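> I would like to see how this sequence folds:
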Amino acid sequence: MKTALITGATSGIGLELAKLFAKDSVNLLLVARNEQKLSEIKQEFEQNYKIKVDFLSLDLSISENIKKIDNYANNKNLQIDFLINSAGFGDFGLFTERDFEKYNEMITLNINALTELTHIFAKKMLAKNSGKILNVASIAGLQPVPNMAVYGATKAFVLSLSQALHYELRKTNVSVTALLPGPTATNFFNRADGEKSRMTDLNMSPAKVAQIGYNAMLKGKRKVIAGFMNKVMGFFAKILPINNFSLAIVAKITEVPISRK
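Model (predicted):
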């Protein structure tokens, strides 16, 4: 049986992707911070889907934890056939008014952890000339995002990296796919202090987003935008010049009309 490594696996898109792999009889190595939730998922999935589920309770915004995943896989003789980089978070607010420590944590998780895990396991996949990587980016990576400046920048990095690697690996049996969700009904907005954002009106279900990303990954696509409205927004992000007018539109969408700490 094949094995999928999934970060951010206890909720949202990551959990829904784990369900899809489990239904397809793929063993799992799940990584998230919540040990109790990971244990519950292990028990449920092993009983319902007859697969093997390993897990690691790690905070990937702490750099030294990233190599622990590789060490665990090596010690357990786990061959990773699928890598799903789903862990990440955002933050709403004016750049100068938010906590830099939170930004530092965000950059470490959204960029550093994803990049290092991709580097580690892409090399292993190349050695056997087989494997698929799905990196969860965002439509926020398609243009600068006032009120979510750092988050948008991290997702632009993920999108750029993923597409470049997809091209580099085009003559191999290893592929890298970027999934670009828009607003999704997860705990993202609560953690980001954006539960009152107008963006929540556009929420898609995480199960639908996961299915779109899963299908695109299996087909080896370079990128996929989840949802019709998000594709429309992606189209306009591509054709509109970056100026005060386009930035004002994005800022209006991302604005949270309440005072926050």
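> all strands for the stretch 101-250 of the chain, in order.
131-136, 174-180, 223-225 (DSSP state E, counting those that start in this stretch).
> a markdown table please, covering these and showing mean neighbour count and mean pLDDT.
To be clear about C-beta, it is placed using only N, CA and C from the backbone, and glycine gets the same treatment. Listed next are these as a markdown table, based on neighbours: other CB atoms under 10 Å; pLDDT from 0 to 100:
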| stretch | mean neighbour count | mean pLDDT |
| --- | --- | --- |
| strand 131-136 | 26 | 98 |
| strand 174-180 | 27 | 98 |
| strand 223-225 | 20 | 96 |
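> T7: which of those strands is closest?
Nearest of the strands of the stretch 101-250 of the chain to T7, taken as CB to CB: strand 131-136 at 9.1 Å.
> list the neighbouring strands of that closest one plus their orientation.
Strand pairing for strand 131-136, determined by DSSP bridges: strand 82-85 (parallel), strand 174-180 (parallel).
> redo those as CSV? Include distance to A207.
As requested, these are exported to CSV (distance: least, CB to CB, whole Å):
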stretch, distance to A207
strand 82-85, 15
strand 174-180, 14
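> which residues touch I84?
A4, L5, I6, T7, G14, L17, I133, L134, V136 (CB atoms under 8 Å, 6 or more residues apart in numbering).
> repeat that for S205.
T184, A185.
> same question for L15.
Listed by CB under 8 Å, 6+ apart, the contact set of L15 reads A9, I41, P206.
> repeat that for 6 Å
When the contact criterion is CB atoms under 6 Å, 6 or more residues apart in numbering, L15 has no partners at all.
> could you check the angle the helix or strand harbouring it makes with strand 131-136?
Assigned by DSSP states H and E, L15 belongs to helix 12-23. Interaxial angle, helix 12-23 versus strand 131-136 (axes from the mean of the first three to the mean of the last three CA atoms, to 10 degrees): 150 degrees.
> would you agree D54 falls within a strand?
Yes. Using DSSP: H, G, I helix; E, B strand; the rest coil, the secondary structure at D54 is a strand.
> any idea whether the residue nearest to it when sequence neighbours are not counted is helix, strand or coil?
Once flanking residues are discounted, D54 sits nearest to L29: 4.7 Å by CB to CB, 6 or more residues apart in numbering. Following three-state DSSP, we place L29 in the strand state.
> which residues does L29 bridge with?
Going by DSSP bridges, L29 forms beta bridges with L5, D54.
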